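A.B. asks: A structural model of the following input is requested.
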Amino acid sequence: MSEPRERVPAPAEARARRLRAPLLVTLWALLAIEAAGGLVISFARLAAGATPGIALHVVAGFALTLAWAAYQWTHWHRVAPWRPRLDYVLGLIGASSMLLALASGFALAPAWWNARDAATAPPYPAGLSGAHNVMSMFVLTFVGAHLFAVLHRAARARI
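C.D. replies: Prediction:
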């Protein structure tokens, strides 16, 4: 009598399971906290000269870095090797933007730390702060475009 074979999930089922994976859900939640927090900080700094919630933004940014690095490691090992396709290009731009946003965030963190008890906003270098804001917008744009391209490609493959 032969042993029962383990059922191999269909690609759509496997993708649905990956989209609900705890690491990816954590990554999306931290990205949402960072995006919302960054927008609040930017608008409040322009409107009132204050930076509310920056401690949460810094701590969530550190947690996002850890989650993103873990996710990228597993993601790349699953999708490698490089393929000249739109979803790969958008993913590379999104990952590069994330790396630059996180690096610029870490470079801005000492200014926040040194001024955390001051009554005024931290003296961020304008160019570095601008780069951080622009790269953050790139992350949201290209990660969203990458996800759309992957899901669109998968939907077309099913047709």
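
A.B. asks: going forward, measure contacts between C-alpha atoms and count neighbours the same way
C.D. replies: Fine.

A.B. asks: which residue, other than its chain neighbours, is closest to the residue nearest in space to the middle of the chain?
C.D. replies: Compute the mean C-alpha point of the chain, and by Cα atoms, centre = their mean the closest residue is Leu31, 5.1 Å away. Leaving out its chain neighbours, the residue that sits closest to Leu31 by Cα to Cα, 6 or more residues apart in numbering is Leu64, at 6.8 Å.

A.B. asks: what strand or helix carries the one you found?
C.D. replies: Taking DSSP states H and E as the criterion, Leu64 maps to helix 54-79.

A.B. asks: please apply the same query to Leu39.
C.D. replies: Taking DSSP H and E as the criterion, Leu39 maps to helix 22-48.

A.B. asks: show me what counts as buried in that helix.
C.D. replies: Buried residues in helix 22-48, counted by 16 or more other Cα atoms under 10 Å: 24, 26-27, 30-31, 33-35, 37-38, 40-42.

A.B. asks: check stretch 125-136 too.
C.D. replies: Result for stretch 125-136 [16+ other Cα under 10 Å]: buried residues 129, 132-133, 135-136.

A.B. asks: now do stretch 135-153
C.D. replies: 135-140, 142-143, 145-146, 149.

A.B. asks: and stretch 75-83, by the same measure?
C.D. replies: Per 16+ other Cα under 10 Å, stretch 75-83 contains no buried residues.

A.B. asks: looking at the buried residues of stretch 135-153, which is nearest Glu3?
C.D. replies: Ala149 (40.0 Å; Cα to Cα).

A.B. asks: what's the burial count for the residue nearest to the closest one when sequence neighbours are not counted?
C.D. replies: Closest residue in space to Ala149, ignoring its immediate chain neighbours: Asp87 at 5.3 Å, by Cα to Cα, 6+ apart. Asp87 has 21 neighbours, counted by other Cα atoms under 10 Å.

A.B. asks: how far away is Asp87 from Leu147?
C.D. replies: 8 Å (Cα to Cα, to the nearest Å).

A.B. asks: shared neighbours of the two, anything?
C.D. replies: Here Asp87 and Leu147 share no contacting residue, scored by Cα atoms under 8 Å, 6 or more residues apart in numbering.
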